[in-house]
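*Asks:* Following is a predicted model, sequence given first.
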Amino acid sequence: MNARKDSMNDHDLFSDDHAAALDAADPLRGLRDEFLIPQHEGADQAYFCGNSLGLQPRAARAHVLEVLDKWATLAVEGHFTGETQWMTYHELVRDPLARVVGAKPVEVVAMNSLTANLHFMMASFYRPTRERPAILIEAGAFPSDRHAMESQIRFHGFDPATDLIELQPDEANGTFSMAAIERAIAEHGPRLALVLWPGVQYRSGQAFDIAEVARLAHAQGAVCGVDLAHAVGNLELALHDSNVDFAVWCHYKYLNAGPGAVAGCFVHERHAHTDRPRFAGWWGHDVSTRFLMGAEFVPTPGAEGWQLSNPPVLGLAPLRASLDLFDRVGMPALRNKSRQLTGYLEDLIRARLTDTLEIVTPAEAGRRGAQLSLRVSGGRAQGRALFEHLAANGVLGDWREPDVIRISPIPLYNTHADVLRFARSVESWRDG
Ligand SMILES: Cc1ncc(COP(=O)(O)O)c(C=O)c1O
């Protein structure tokens, strides 16, 4: 709960002046101007879907146009011309990306899509045996992750009915205690080949201590991978120190790189020279001899050794614009503002809206990121009605069946005034 709230009555909390004062005191307030805010009836929308598709950084267009112009004027020579030559274009995002996720540059690469990267990582890091065939995931995992796990288990000739272990939530709102995760890893330990855990669970918004999950998995001899779709650019990550073996994520949510943007992948430095099997392609071949076009595959050390194809330059261009902003402000400052914005949202709900909205996401700031998942009282029909009322009033959240609205105030571009507008819209719908 926001400390300032204690000395404040509900009326003050819900006042425009209060929200305006919080925005005026925000050291990051200027960043909003770096984004294109969707419009609703001639004014800015209150956009809370950055956990689904981040807004467009203004500079993204220039980066894309630079590629198009180079293509128009230089064609194939674009591969070798200038500081942004396409041959090494993926390297332009490597260092800033490493800073966002708390990794060493050799540990990260931008490539493919999230689910594709998950499969490529599993080709190397899920090596089931008869004694140790199982994967542990959370029950209710994102369907694509579950499909990937199940199909990999079958691919290796094992049976998902026994070898895909889905931990049921043990807390009231469908969240997980660390004790439950610890018990499951201990119980299944000798059979576990892989623990695949989310950084932030997409439906509940619960954040996890991935270093602790990795420690527990490793203690049982299992590999630990993490899906950071909802964590990257949202939480302060320290991937290298967390010791996870691999991580995958997408860039179209908190990283604002546009629909279907090229995804991200982390491989811990200790695997930089691994001789584990992998599904290889020419762009993963050692960079110093790649163009000798030899028949033998010699991997580039580190995460780049898992690349298959030459970089998708147009897909990477908007990511550069977004990473420039992350570099300008840094994750600690962003996370600070994020805690405040989400804390303010929580305060508003607890002050006046608990008869309408139940907060599913954990209350502790350390167990969540930007997103609050809100269950609407009265079930699906009521939930849909509220969701549509919000959208009609220019307040955009996103809907998760059967009765949850997810609201993610994004510290790069959302304001306290946006958050207040959400709370007021819920109030006006309830009060009819
Ligand atoms: C947790 C999680 N896993 C996997 C995916 C699938 O991502 P993609 O379609 O980029 O492979 C998503 C997409 O939103 C996600 O949130």
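*Replies:* Yes, it's here.
*Asks:* Show me which residues of the stretch 201-350 of the chain sit near the ligand.
*Replies:* Proximity of the stretch 201-350 of the chain to the ligand (CB under 6 Å from any ligand atom) is limited to residues Tyr202, Asp227, Ala229, His230, Cys250, Ala263. C-beta here means a position set from N, CA and C on the backbone, and glycine is covered the same way.
*Asks:* out of the residues you listed, which are inside strands?
*Replies:* When these are checked against strands (DSSP state E), the matches are Asp227.
*Asks:* Which pair in the residues of the stretch 201-350 of the chain next to the ligand has the greatest spatial separation?
*Replies:* Farthest pair in these (CB to CB) is Tyr202 and Ala263. Separation: 15.3 Å.
*Asks:* More neighbours: which of the two?
*Replies:* For Tyr202 versus Ala263, neighbours defined as other CB atoms under 10 Å are more numerous around Ala263 (25 against 22).
*Asks:* ok, that one touching Leu118?
*Replies:* No. The pair Ala263 and Leu118 does not pass the contact test of CB atoms under 8 Å, sitting 9.3 Å apart.
*Asks:* and the longest strand for the protein?
*Replies:* strand 192-198.
*Asks:* gap between Pro301 and the ligand?
*Replies:* As for Pro301, its distance to the ligand is 26 Å (criterion: CB to the nearest ligand atom, to the nearest Å).
*Asks:* quick one: that residue is in a strand?
*Replies:* No. Counting by DSSP: H, G, I helix; E, B strand; the rest coil, Pro301 is not found in a strand; it is coil.
*Asks:* residues touching it, list them.
*Replies:* Under the criterion of CB atoms under 8 Å, 6 or more residues apart in numbering, the contact partners of Pro301 comprise Val106, Ala272, His273.
*Asks:* Buried among those residues? Need that as a selection in PyMOL.
*Replies:* What follows is the PyMOL syntax selecting those of the contacts of Pro301 that are buried according to 16 or more other CB atoms under 10 Å:
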select buried, resi 106+272
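*Asks:* and which of the contacts of Pro301 is nearest to the ligand?
*Replies:* Proximity to the ligand was ranked across the contacts of Pro301 by CB to the nearest ligand atom; first place goes to Val106, at 24.0 Å.
*Asks:* Give me the neighbour count for the closest residue to that closest one other than its chain neighbours.
*Replies:* Take Val106 and drop its neighbours on the chain: the residue closest to it by CB to CB, 6 or more residues apart in numbering is Gly302, 3.6 Å away. Gly302 sits with 22 neighbouring residues when counted by other CB under 10 Å.
*Asks:* wait, what's in contact with Gly302?
*Replies:* The neighbours of Gly302, taking CB under 8 Å, 6+ apart as the test, are Val106, Glu107, Val109, Val267, Glu269, Ala272.
*Asks:* average model confidence for stretch 11-31?
*Replies:* Averaged across stretch 11-31, the pLDDT comes to 95.
*Asks:* list the buried ones in that stretch?
*Replies:* In stretch 11-31, the ones that count as buried by 16+ other CB under 10 Å are Leu13, Phe14, His18, Ala19, Leu22, Asp23, Asp26, Leu28, Leu31.
*Asks:* Any figure for the gap between Ala430 and the ligand?
*Replies:* Ala isn't right for residue 430; it's Arg. When distances are taken as CB to the nearest ligand atom, Arg430 and the ligand turn out to be 30 Å apart.
*Asks:* Oops, could you answer that again for Glu91 instead?
*Replies:* Distance of Glu91 to the ligand, given as CB to the nearest ligand atom: 22 Å.
*Asks:* Same check on Phe422?
*Replies:* Per CB to the nearest ligand atom, Phe422 is found 22 Å from the ligand.
*Asks:* Can you report how many residues lie near that residue?
*Replies:* 25.
*Asks:* Ok, Glu269 next?
*Replies:* Here the neighbour count serves as a burial measure; for Glu269 (other CB under 10 Å) it reads 15.
*Asks:* Just list the residues touching it, thanks.
*Replies:* Under the criterion of CB under 8 Å, 6+ apart, the neighbours of Glu269 are Lys104, Val106, Glu107, His240, Gly302.
*Asks:* shouldn't Leu357 be in contact with Val426?
*Replies:* Yes. Because the distance of 6.6 Å satisfies CB under 8 Å, Leu357 is recorded as touching Val426.
*Asks:* In what element of secondary structure is Ala20 found?
*Replies:* If you go by DSSP states H and E, Ala20 is part of helix 16-24.
*Asks:* Need the CA coordinates for that helix. CSV is fine.
*Replies:* Written as CSV, here are the backbone C-alpha positions of helix 16-24 (Å, rounded to 0.1, in the frame of the first residue of the first chain):
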residue,chain,number,x,y,z
ASP,A,16,-7.6,15.5,-9.8
ASP,A,17,-5.2,17.7,-7.8
HIS,A,18,-3.7,14.7,-6.1
ALA,A,19,-3.1,12.8,-9.3
ALA,A,20,-1.7,16.0,-11.0
ALA,A,21,0.6,16.6,-8.1
LEU,A,22,1.9,13.0,-8.3
ASP,A,23,2.5,13.4,-12.0
ALA,A,24,4.2,16.8,-11.5
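*Asks:* measure the residue of the stretch 201-350 of the chain found nearest the ligand to Asp347 for me?
*Replies:* The shortest separation between the stretch 201-350 of the chain and the ligand is 3.7 Å, found at Ala229 (distances taken as CB to the nearest ligand atom). Counting by CB to CB, to the nearest Å, the gap from Ala229 to Asp347 is 28 Å.
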